[in-house]
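> Based on what follows, work out the 3D shape:
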Amino acid sequence: MSRIGKMPIAIPAGVTVEVAENNKVTVKGPKGTLERVFPAEMQFEQNDGQIEVKRPDDQKKTRALHGLSRSLLNNMVVGVTDGYEKKLEVNGVGYRAAKSGKKLTLTLGYSHPVELEDPEGIETVVDGNNIIVKGIDKEKVGQFAAIIREKRAPEPYKGKGIKYSDEVIRRKVGKTGKK
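Next up is the predicted model:
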């Protein structure tokens, strides 16, 4: 049995979970609403403030989907109650981030500024040299943070670029002069 899949998901107060036909699950909470269609093999049982994900058999595919479905549903419940955020740091001389409306402007040493539009349901906040990406969908928050980081990934010699705040960059020693 999947150790993650068999754990029940506690549904906090103010959150409603509805399972429609074709396993379309809708989670409504104080921060918003999320919808996702789960695989047809999975079954959802709701009772006294908890929801459990069940699997009908022990085939390899259903075993693989069991823990995944439970984690995705848990991420939806956490997203509509607390939300998700990723913090990025901009390091480097002359590297800057600015926000105007829904547009994030990055000055990263290129001949032009890099402009990114906030996707639907995602909000970015610029705080000095930090960029905070916030939203209720964990997948979208992580994806947009990765897109921002990709514009100038950190390099190992001076550590310049955009990195996650909890990321550790393995530094390399540069060239040495002649003797």
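> Longest helix in this structure, please.
What stands out as the longest helix in the chain, according to DSSP state H, is helix 60-81.
> Report the rounded mean pLDDT for that helix.
Per-residue pLDDT over helix 60-81 has a mean of 94.
> please begin residue numbering at 398 from this point
Happy to do that; since the first residue is 398 now, the last one works out to helix 457-478.
> what's downstream of the longest strand anywhere in the chain, the next helix or strand?
For the chain, the longest strand by residue count, based on DSSP state E, is strand 481-488. Following strand 481-488 in sequence order, the next helix or strand is strand 493-497 (DSSP states H and E).
> Tell me the bridge partners for residue 487.
residue 559 (DSSP bridges).
> Let me see the residues that make contact with the longest helix of the chain.
399-402, 404, 406, 408-409, 411-412, 414, 422, 424-431, 433, 435-436, 438-439, 441, 448, 450, 452-453, 481, 532-536 (Cβ atoms under 8 Å, 6 or more residues apart in numbering). Where C-beta positions appear, they are placed from N, C-alpha and C, glycine not excepted.
> give me that answer again for 7 Å
If you take Cβ atoms under 7 Å, 6 or more residues apart in numbering as the criterion, helix 457-478 is touched by 399, 401-402, 404, 406, 408-409, 412, 422, 424-429, 431, 433, 435-436, 438-439, 450, 452-453, 533-535.
> Make a PyMOL selection of the buried ones in the residues you listed.
Here is the PyMOL command that picks out the buried ones among the contacts of helix 457-478, judged by 16 or more other Cβ atoms under 10 Å:
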select buried, resi 399+402+406+408+412+422+424+426+428+431+433+435+438+439+450+452+533+534+535
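> Looking at the contacts of helix 457-478, which are in helices?
residue 535.
> Now, the contacts of helix 457-478 that are in strands?
In this view, those that belong to strands under DSSP E are 406, 422, 424-426, 429, 431, 433, 450.
> which residues are contacting stretch 496-503?
By Cβ under 7 Å, 6+ apart, stretch 496-503 touches 494-495, 510-515, 521, 523, 548.
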